[in-house]
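**Student:** here you go, sequence then predicted model.
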Amino acid sequence: MRTPVKTISSKPISAAEYLRQVWSSRALVLTFAVRDLRIQYAQTYLGLLWSVIQPLTGLVIFYFFFQRLIHIDVNAPYAVFAFTGITGWFYFTSLVGQAGTSLMHNQHLVKKIHFPRLVLPLSKVITGLVEFLISSALLLLLMTLTGCDFSWKLLLFPLAILVNVVVGLSVGVWLSALTVRFRDLHHIIPYLVGFGIWLTPVFYPDTIVPQALNWIYYLHPPASIIALYRWIFLDFPINVWQVFSSVVVSVCLLVTGLLYFIRSEKFMADYL
Amino acid sequence: METEVVLAIRNVSKSFVLAQNSGGSFKQLVSGLLQSKRTAGTVFSALRNVSFNVYSGEVLGIIGENGAGKSTLLKILSGISQPDEGEIDFYGKAVSILEIGAGFHPELTGRENIFLTSSLYKFTRAETEVKLHEIIAFSGVADFIDEPVKNYSSGMYLRLAFSILAHLNADVYLIDEVINVGDANFQSKCKARFQQLVASGKTIVLASHNMNELMVLCNRIVLMEKGEVKQIGGQDLIQQYLNHSVTVFSELEEKGFIDVANVSALMRKNDSVEILKNGVEGYKTIERGISNAQSFTVHFELELRKNFPLAVVLRVYDSTGILAFMCSNVTSANALDKKGKYRVEFRMPENLFNERIYTMDVMLADNQNAALIATIENFLTIKIADEELIADEESKSYFAGILKPHIESTVVHL
């Protein structure tokens, strides 16, 4: 009796086996990312430049409101301060929004071709990263223009990006699997992103939040991403315990999210 | 011929909960969260205890009516949907082609789509590079290969998509009625390509409810009915199927020669249109079926939830799956484009149908941007009897053809 090269059964697949399948489809992650970048900027004159215009517009608005009108004191060049927030926040929201809706937007594929579905939200890590890096380059330019110092902490930047990815994916993976079952979430995501910016110290410093409420940031990982970036770029003080608890929260969310995703993958094509 | 098993399908079952699962209203969400088991809905058993082997080098045809479970089986074989019970062992690399051009993106060029599609089917870039020239040459769209495919004609689009799939290297090909693409010239090229694959020892599993020419390639046929394997046999099964399995007919006879499904129960919830009621009226039943000498109407009562021009399209097939004709409300003078409730009637004229079993599909589409909202396949099965045939007991001559319209003939003695 020969051994089969593959067996399909009603038994649930183990997480390790599933991740192995995802790993063997890693080329597809890149293919989807390239496809999405190509499509996003197809037939636009400015192309990838749009990924710069979006955060820059945000920056200009925040600059006029919070610097010129309200004179918020941030203890650093405001443009650099706000742009560290915007850069981190945009990557987070692009992971939440894009990864979260990736299965819905590719349902024609999910229903007709088999591949590990996790590839879809994962590919958004790369599309988002491209825009994030362009935005980061702009940030370095802003720092040079405003005469900021660069410190050795820049070496930790890749690590901060990793935290950013984990935090974004932890929400994105949950949402992508849940929207297949509960379509309402598809409509809620824009609100999550829209309101979220007010609850996160993107354009204001976390010091204006009363001490008594500071514990919220322990449970609000995006705040820690921004705190990390400001520590790296602007040498702001950082609360190590806040970052630590955020990472723990996000890793837990990501692991449970992956488990839920794997468990619900077998029904995805039936529900879409 | 070798008789090594390449695909062993054992006791595969799959059921769906209709209407319940896809709606996802808030009430259902709450009740779904509170109850551990799925709440009762109409459970539709799509596959029941399906078992058979596929042997290497054979061309296996899966036939059966719409809703017999062919597509569900292929979805399970391709790994898209998971079975509730049973298992399938693969002894070779399988590629499943459920839709031509499924991975295509209109904004990408032909060349980019070639790489995208083959990587979706788990082929590496290097493997594709090797085949690239062959794929482009076969498709016959070489001049436009660096144009976005949205600028292609539908024929070019399908030809390119087919070329990619036909050049994927696998041991087993699982195909869901997608072969008939392009013009006659391209179709014969496709057939030749398939014969080539068969000759080189590849295994092909082909599902179809059209008894198209390619079925001629099959060495073995699996006949499915209502989610079960009804019979496995050779080419003669096709003929038997065409002549109607006796059980289907006897069931139809019990129901008075007409079997109408409740469309609203089969339709997925959507926010633009809902079918409230449907039925057939005005027909006359005679000894062997519904009379073709009297007209009858197929009607739908529906509610439009948005303002848009709705097209209700009926497709009428004969029992072999050949499209007899289509009709729609679009030709009607009365508009169906504002929110509200409507009744749509299709009057099937007398002296049109032949003595046959017909099935009907209904499609709902947004007529403004030609977007399909729903297709309910096979919602109506009807056995028509030819009155003339009965009146003329002596001759017992059947008229050939899908339809038997009343054609005036005049004879003038010269």
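**Tutor:** Structure received.

**Student:** close to chain B: what parts of the stretch 1-150 of chain A are there?
**Tutor:** A:2, A:4-10, A:25, A:27-28, A:31, A:35, A:38-39, A:42-43, A:108-115 (Cβ under 8 Å from any Cβ of the partner chain). Where you see a C-beta, it was placed from the backbone N, CA and C, and this is true even at glycine.

**Student:** go with 6 Å
**Tutor:** A:2, A:4-10, A:27-28, A:31, A:35, A:39, A:42, A:112-114 (Cβ under 6 Å from any Cβ of the partner chain).

**Student:** can you give me the helices for chain A?
**Tutor:** A:15-24, A:26-40, A:50-62, A:78-94, A:100-105, A:107-112, A:119-145, A:157-181, A:184-199, A:221-234, A:240-271 (DSSP state H).

**Student:** as JSON lines, these with mean pLDDT and mean neighbour count would be great.
**Tutor:** Converted to JSON lines, the helices of chain A look like this (pLDDT from 0 to 100; neighbours: other Cβ atoms under 10 Å in any protein chain shown):
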{"stretch": "helix A:15-24", "mean pLDDT": "91", "mean neighbour count": "13"}
{"stretch": "helix A:26-40", "mean pLDDT": "90", "mean neighbour count": "18"}
{"stretch": "helix A:50-62", "mean pLDDT": "85", "mean neighbour count": "16"}
{"stretch": "helix A:78-94", "mean pLDDT": "92", "mean neighbour count": "25"}
{"stretch": "helix A:100-105", "mean pLDDT": "91", "mean neighbour count": "22"}
{"stretch": "helix A:107-112", "mean pLDDT": "88", "mean neighbour count": "18"}
{"stretch": "helix A:119-145", "mean pLDDT": "93", "mean neighbour count": "19"}
{"stretch": "helix A:157-181", "mean pLDDT": "93", "mean neighbour count": "22"}
{"stretch": "helix A:184-199", "mean pLDDT": "87", "mean neighbour count": "14"}
{"stretch": "helix A:221-234", "mean pLDDT": "92", "mean neighbour count": "25"}
{"stretch": "helix A:240-271", "mean pLDDT": "90", "mean neighbour count": "17"}
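
**Student:** which one, of those, ends up nearest to residue B:175?
**Tutor:** helix A:107-112 (12.6 Å; Cβ to Cβ).

**Student:** and the helices of chain A as a markdown table, adding distance to residue B:52?
**Tutor:** Below are the helices of chain A laid out as a markdown table (distance: least, Cβ to Cβ, whole Å):
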| stretch | distance to residue B:52 |
| --- | --- |
| helix A:15-24 | 27 |
| helix A:26-40 | 32 |
| helix A:50-62 | 53 |
| helix A:78-94 | 48 |
| helix A:100-105 | 33 |
| helix A:107-112 | 24 |
| helix A:119-145 | 32 |
| helix A:157-181 | 32 |
| helix A:184-199 | 40 |
| helix A:221-234 | 52 |
| helix A:240-271 | 23 |
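
**Student:** pLDDT weak spots in the stretch 101-250 of chain B?
**Tutor:** By pLDDT under 70, the weakly predicted segments of the stretch 101-250 of chain B are B:178-184, B:209-216, B:239-240, B:242-250.

**Student:** which bits of it sit near chain A?
**Tutor:** Going by Cβ under 6 Å from any Cβ, the residues of the stretch 101-250 of chain B near chain A are B:102, B:107, B:116, B:119, B:120.

**Student:** distance of the third one from residue B:166?
**Tutor:** Taking Cβ to Cβ, to the nearest Å as the measure, residue B:116 falls 17 Å from residue B:166.

**Student:** now the strands for the stretch 51-200 of chain B?
**Tutor:** B:59-63, B:85-90, B:94-97, B:172-176 (DSSP state E, counting those that start in this stretch).

**Student:** deepest-packed of those, please.
**Tutor:** Greatest average neighbour count among the strands of the stretch 51-200 of chain B goes to strand B:59-63 (a mean of 25), per mean count of other Cβ atoms under 10 Å in any protein chain shown.

**Student:** same for it, what does it pack against?
**Tutor:** Secondary-structure packing of strand B:59-63 (3 or more Cβ pairs under 6 Å, 6 or more residues apart in numbering or on different chains; DSSP states H and E): strand B:203-208, strand B:220-225.

**Student:** which other residues reach it?
**Tutor:** Strand B:59-63 has contacts (Cβ atoms under 6 Å, 6 or more residues apart in numbering or on different chains) with B:54, B:70, B:198, B:204-207, B:215, B:217-223, B:241.

**Student:** next, the angle strand B:172-176 makes with it.
**Tutor:** Put simply, strand B:59-63 runs at 30 degrees to strand B:172-176, going by axes from the mean of the first three to the mean of the last three Cα atoms, to 10 degrees.

**Student:** okay, now the sheet partners of strand B:59-63, with direction.
**Tutor:** Taking DSSP bridges as the criterion, strand B:59-63 pairs within the sheet with strand B:203-208 (parallel), strand B:220-225 (parallel).

**Student:** mind putting these into TSV with mean neighbour count and distance to residue A:166?
**Tutor:** Putting the strands paired with strand B:59-63 into TSV (neighbours: other Cβ atoms under 10 Å in any protein chain shown; distance: least, Cβ to Cβ, whole Å) gives the following:
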stretch	mean neighbour count	distance to residue A:166
strand B:203-208	24	43
strand B:220-225	21	47
